[in-house]
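Trainee: Make a model of this:
(chains A and B)
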Amino acid sequence: MENVMEVKDLRKEFKAYSSRTGLKGAFRDLLTRNYKVIPAVNDINFSVRKGEMVGYIGENGAGKSTTIKMLTGILTPTSGSIIVNGMNPHKEREKFVQTIGVVFGQRSQLWWDIAVQESFRLLKKVYKVSDADYNNHMGHVIRTLDIEPLLDKPVRKLSLGQRMRCELAAALIHNPPLLFLDEPTIGLDVLVKLKIRDFLKEINEKYQTTILLTTHDLSDIEALCERVILLDEGSVIYDGALKNLQEKWSEGKELKFQFLEKVDITAVKVLTSELPVKWELEEKEQVFTATVEDSGELISQVIAKVVAAYKIKDIKINETSTEEIIRNIYEKGAV
Amino acid sequence: MFYISMFFQYISQYIKTRLQYRADIFVEFFSDLLSQAINLVFILVVFGHTDLLGGWSRDEIIFIYGFFLVPFAVFSAFFNIWDFNDRYIVKGELDRILTRPIHSLFQIILERIELEALLGAITGLAVMFYAGSRLGLEMHWYDPFLFIVFVIGGALVYGGVFVMIACISFWADARMSLMPMMYNISNYGRYPVNIYNKLIRFMLTWVLPFAFVGVYPAAFFLGKREWFWYSFLTPVIGVVFFVLSVRLWNQGVTKYRGAGN
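Mentor: Numbers count the residues shown, from 1 in each chain, chains lettered A, B, ... in the order given. As a prediction, this is how the structure comes out:
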């Protein structure tokens, strides 16, 4: 399938100056400044195919927002090339933004003082959407996001969850083939998050909308994206399937036990001494955690031994969470 | 065509926003009207003490002042970008502007529109008619048309210089306070330029051409033949400065650094 996004050797440098200390330093700063060139995005390459949902993740300050801003034509790259929807976002900005939708979780697209539908109406004019297209497409969006009852309320009276749903709808007024979402679920409750995820999946299936998503909530990525691009200090450190990342980095499984009576951890350790198990005890809740390799045989053996010896209140089997995987990667700084 | 229709769309949006606050609208309207009335009295009192200034009579100076108020009102209504640096650069609102398919400067002008400022034009017209009738000026059929052209030219001069100043924020990092200075200089245009020294006159004509907002175009209606040449230059200077400022703006936008999230 065709590529909707092609990024080559993309680089963005910011010039920052470091100030000297003290009053004397302040005077010296006035005359000569120590400039430092800091690459926020450091020669990255990737491409995205039509219909893909890509998670773009990284720590704070890793360069995610800077990349998104370059991809949407807000910032001019220092060097490198970007082709999105067959255009250079910065050069042909006005024509280009007609083909994308953008949601910044921390910034509003809507007019604060007037009813949501008035904002929609103006945006409809801005994007030159015909009445027929609007009714056809937005009718569906409004129903799915369940914002019908909010349309006649001014934006300032909406809750964050209500507002975010309206923001999402506003970004889709011109039914763009490409959608950029920068932390769209920040600060939202579980129900709204689920609703937004379902909606994104649906438009992706229905219109083949390509979606590039940044978020700190990895459950969003797990629910939506098959592919992730992992960024660290301005460089891409991983680009590929989320599943591979999980397989490669998962450190076996965790078995969590809670017992009916009080049990000593050394006794449990002795019990499974022939097996390669690492035990940990969480004192407060009396949860015993055994970390084992991911093999069915081993897990069964551990459970069999423990269950035979003690009465069990609760057992859980957990895989290493994506969050932990990502944390490990950040700590090592490479994949 | 698209831009004209967008212009009216934004104006109707602005009016809707205003109508949201019913009490506010009346209070504001009356306070604006009152401040204009005070302004009017103030002008008459201040100029009551002047007789002749560099070959201009008291009423002529009042007339120039009255004329100045009209392009200034138009400018204030449409170039309400005093807080451009703060709002759009430091707070990063420009991000949002840049994701929409309309020229960024046009969007900002439309977003910040402040139609109440147009009330100032009424004061200006009143002052002009007062001074004009005392001077016994006659109205010709072409005067209203030229008046409109000169007003637009004057407002564009103001807008152009203002936009250029705002553009500095694209390059400079810090918050800046050039705007108040700008406002002060702009007041020089309200008085006949030939009372100033040569250098200042040159500045006000070609560098920061505020003389084209007040004296030069007003001189035409006062029948001062020696200034006619300058009067008719008003729309030209307006367009030239505004075009230059838009060029500079387009350059500046590529230097925009964005605000951190």
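Trainee: Where does the residue of the stretch 101-250 of chain B at minimum distance from chain A sit: helix, strand or coil?
Mentor: Closest contact between the stretch 101-250 of chain B and chain A, by Cβ to the nearest Cβ, is at residue B:101 (4.6 Å). For glycine as for every other residue, the C-beta is placed from the backbone atoms N, C-alpha and C. Following DSSP: H, G, I helix; E, B strand; the rest coil, residue B:101 is assigned to coil.
Trainee: what residues does chain A put near chain B?
Mentor: Residues of chain A lying near chain B by Cβ under 8 Å from any Cβ of the partner chain: A:14, A:65-66, A:69, A:72-76, A:90, A:93-95, A:97-98, A:100, A:102, A:104, A:106-109, A:111, A:113-114, A:118, A:122, A:125-128, A:154, A:182-183.
Trainee: What pLDDT is listed against the residue of the stretch 101-250 of chain B closest to chain A?
Mentor: pLDDT for residue B:101: 92.
Trainee: Just give the number of residues close to it.
Mentor: Per other Cβ atoms under 10 Å in any protein chain shown, the neighbour tally for residue B:101 reads 18.
Trainee: same deal with residue A:216?
Mentor: If we define neighbours as other Cβ under 10 Å, then residue A:216 has 16 of them.
Trainee: Residue B:215 now?
Mentor: If you count neighbours by other Cβ under 10 Å, residue B:215 ends up with 31.
Trainee: ok, now which ones touch it?
Mentor: With contact taken as Cβ atoms under 8 Å, 6 or more residues apart in numbering or on different chains, residue B:215 is in contact with B:64, B:189, B:191-193, B:227.
Trainee: Next step: the residues you listed restricted to strands.
Mentor: Per DSSP state E, strands hold no members of those.
Trainee: which of these has the weakest pLDDT?
Mentor: residue B:189 (71).
Trainee: residue contacts, it?
Mentor: If you count contacts by Cβ under 8 Å, 6+ apart, then residue B:189 has B:68, B:204, B:210-215 around it.
Trainee: got a markdown table for the residues you listed, with pLDDT too?
Mentor: Converted to a markdown table, the contacts of residue B:189 look like this (pLDDT from 0 to 100):
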| residue | pLDDT |
| --- | --- |
| B:68 | 90 |
| B:204 | 86 |
| B:210 | 88 |
| B:211 | 88 |
| B:212 | 90 |
| B:213 | 89 |
| B:214 | 86 |
| B:215 | 87 |
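Trainee: My guess is the residue of the stretch 101-250 of chain B closest to chain A contacts residue A:98. True?
Mentor: Yes - in this structure, residue B:101 is within contact of residue A:98 by Cβ atoms under 8 Å, at 4.6 Å.
Trainee: returning to what we had before: tell me the buried residues within the residues of chain A next to chain B.
Mentor: A:65-66, A:69, A:72-76, A:90, A:93, A:97-98, A:100, A:102, A:104, A:107-109, A:111, A:113-114, A:118, A:122, A:125-127, A:154, A:182-183 (16 or more other Cβ atoms under 10 Å in any protein chain shown).
Trainee: any idea which helix or strand carries residue B:242?
Mentor: Using DSSP states H and E, residue B:242 maps to helix B:228-253.
Trainee: number of nearby residues for residue A:224?
Mentor: 21.
Trainee: Next step: the residues of chain A next to chain B restricted to helices.
Mentor: A:65-66, A:69, A:93-95, A:118, A:122, A:125-126 (DSSP state H).
Trainee: Which residue does the stretch 201-335 of chain A have closest to chain B?
Mentor: residue A:214 (9.7 Å).
Trainee: Which residues are in contact with that residue?
Mentor: Contacts of residue A:214 by Cβ under 8 Å, 6+ apart are A:55-58, A:64-65, A:68, A:181-183.
Trainee: Next: residue B:127.
Mentor: Per Cβ under 8 Å, 6+ apart, neighbours of residue B:127: B:40, B:43, B:62-63, B:65-66, B:69.
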